[in-house]
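[1] compute the structure for the input listed below.
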Amino acid sequence: MEHIPLQGVAPLRLITKMDLIEKLSWSEASIDRRLREDPGFPIPLRLGPGSIRWRLDEVEAFIRALPRADYFGAEE
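    All right, here's what the predicted structure looks like:
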């Protein structure tokens, strides 16, 4: 099967849990809690036994959707 690159489509990038921890600046426990309790949190992909990854585009969309903090008043 020949690989044909798609023009104008960014390649799919997958990140590890350690990458996710670094990107969010959250602990592993916080990420695990979000996976259990937050239906809007990105769902990881299982690549094989003991191997999971997150889609970078989904993680970035999640981050963009987080509410902004107002340090000087009420939350938005």
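[2] point out where the chain drops to low pLDDT.
    Along the chain, segments meeting pLDDT under 70 span 1-6, 9, 74-76.
[3] so how far is P49 from the residue nearest to the spatial centre of the chain?
    Nearest to the geometric centre of the chain sits V59, at 2.4 Å (C-alpha atoms, centre = their mean). To P49, V59 is 23 Å away according to C-beta to C-beta, to the nearest Å. In this view, the C-beta of every residue, glycine as well, is placed from N, C-alpha and C.
[4] for S27, see how far away the nearest residue to L12 once chain neighbours are set aside is.
    Closest residue to L12 apart from its sequence neighbours, by C-beta to C-beta, 6 or more residues apart in numbering: R55 at 6.7 Å. Taking C-beta to C-beta as the measure, R55 falls 21 Å from S27.
[5] look at the two and report which has more neighbours.
    R55 (16 against 10; other C-beta atoms under 10 Å).
[6] I'd say the more buried one and A10 touch.
    No - checked against C-beta atoms under 8 Å, the pair R55 and A10 is beyond contact range at 11.3 Å.
[7] next, count neighbours for I15.
    Counted with other C-beta under 10 Å, I15 comes out at 18.
[8] show me what contacts the residue lying closest to L47 once chain neighbours are set aside?
    Leaving aside its chain neighbours, L47 sits nearest to R53 (6.0 Å; criterion: C-beta to C-beta, 6+ apart). Counting by C-beta atoms under 8 Å, 6 or more residues apart in numbering, R53 makes contact with L14, I15, T16, P44, L45, L47.
[9] the helices in this structure, which residues?
    17-24, 28-37, 56-65 (DSSP state H).
[10] redo the ones you listed as a markdown table? Include distance to F72.
    Output for those, formatted as a markdown table (distance: least, C-beta to C-beta, whole Å):
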| stretch | distance to F72 |
| --- | --- |
| helix 17-24 | 24 |
| helix 28-37 | 25 |
| helix 56-65 | 22 |
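[11] measure the closest residue to S27 other than its chain neighbours to W54 for me?
    Of all residues not flanking S27 in the chain, I21 sits nearest, at 7.1 Å (C-beta to C-beta, 6+ apart). To W54, I21 is 11 Å away according to C-beta to C-beta.
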